[in-house]
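J.: Mind looking at a prediction? Sequence and model below.
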Protein chains: 2
Amino acid sequence: MKKLKKQLIDAGYKMTTPRQLVLSELFACHHPISARNLHKKIKTVDQASVYRALNLFEDLHLVNVEVIKKEKLYCLAVVPHHHIICKKCGYTEEVKCYHDFNSFKNFFNVYHQLTLTGICNKCVK
Amino acid sequence: MKKLKKQLIDAGYKMTTPRQLVLSELFACHHPISARNLHKKIKTVDQASVYRALNLFEDLHLVNVEVIKKEKLYCLAVVPHHHIICKKCGYTEEVKCYHDFNSFKNFFNVYHQLTLTGICNKCVK
DNA sequence: CCCTACTTGCGAACTATTCGCAGTTATGTT
DNA sequence: AACATAACTGCGAATAGTTCGCAAGTAGGG
């Protein structure tokens, strides 16, 4: 959390209450969450500000985005990790991150985002 | 292309002109493309139908989706592959697919989607 | 404590995506 | 080859998702 704040500041941004709230909600939430649901949880922050915060965090690579069933979901990118998500019920598990691309082919500053979807063993029955 | 048609039919859907057109446009386009741009290229097909086709193809895993700079991009999933995309200029290269998750943890029918973003060597200067 | 550039909230504007329905079409069947 | 029918499309309009512009508020350096 402190580390996140430092990254914000170092990049030239301020740690404001709305940003703080969005971050701590993401921190508290142990699975990817949509902008909309995030806003529902912190109604004191305007929706435009939630979007602005998420976009900023995304640019700074503080959060990752993934699309599940047409929904954009955000989660903190503190420790690199991914998710596997059941397409039927939405049940989610964490998946360790296997890779560390940093430069790749002729690209630099490479980030990657891996999404796994499947059917969990409960839904398969 | 024939293989794609077979997959549609086998899943109980019809190969119609709009779907055909969307598929061949995706086939002709060698990089991920947005629904909007796809529709621009085939104006004879209504936008709702473009979306319907893309959603169907996505369900059948005929196409992959990735989000780059807040834009959802689609590409054919014929041969499993991924992309690395420059965040500055959008320049795209293909990346071979290294993995074959099929079952993973307690999930079945697992598909994965990997997106790499970075800065290409032209933009880095 | 003050200054100022960066942020926010608000309302409204955009953009993206989907819906409902009447008319059309692909496909299996005769 | 024409038919029947369930699936599909186009259209217009609705809904959802995201961003904008601006006046007012606030974090953090001096």
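T.: Thanks, I have the structure now.
J.: excluding its backbone neighbours, what's nearest A:Asn64?
T.: Using Cβ to Cβ, 6 or more residues apart in numbering or on different chains and skipping the chain neighbours, the partner closest in space to A:Asn64 is A:Ala77 (4.8 Å). C-beta coordinates here come from the backbone N, C-alpha and C atoms, glycine included.
J.: er, A:Val79 I mean
T.: A:Val79 sits nearest to A:Cys97 (Cβ to Cβ, 6+ apart), 7.9 Å away.
J.: now that neighbour: how far from B:Val65?
T.: 21 Å (Cβ to Cβ, to the nearest Å).
J.: A:Tyr13 now?
T.: Distance, A:Tyr13 to B:Val65, using Cβ to Cβ: 30 Å.
J.: So for those two, which sits in the more crowded spot?
T.: Neighbours of A:Tyr13 and B:Val65, each counted by other Cβ atoms under 10 Å in any protein chain shown, are more numerous for B:Val65; the result is 20 against 15.
J.: Could you report the pLDDT at the more buried one?
T.: As predicted, B:Val65 sits at a pLDDT of 94.
J.: Find the centremost residue of chain A, please.
T.: Residue closest to the average C-alpha location in chain A (Cα atoms, centre = their mean): A:Cys75, at 2.1 Å.
J.: tell me the SS of that residue?
T.: strand (DSSP: H, G, I helix; E, B strand; the rest coil).
J.: Dihedrals phi and psi, the nearest residue to it once chain neighbours are set aside?
T.: Excluding the flanking residues, the one nearest A:Cys75 by Cβ to Cβ, 6+ apart is A:Pro32, at 4.3 Å. Note on A:Pro32: its backbone torsions stand at phi -60, psi 140 [degrees, to the nearest 10].
J.: Who are the contact partners of A:Pro32?
T.: A:Asn64, A:Glu66, A:Ile68, A:Leu73, A:Tyr74, A:Cys75, A:His83, A:Ile85, A:Thr92 (Cβ atoms under 8 Å, 6 or more residues apart in numbering or on different chains).
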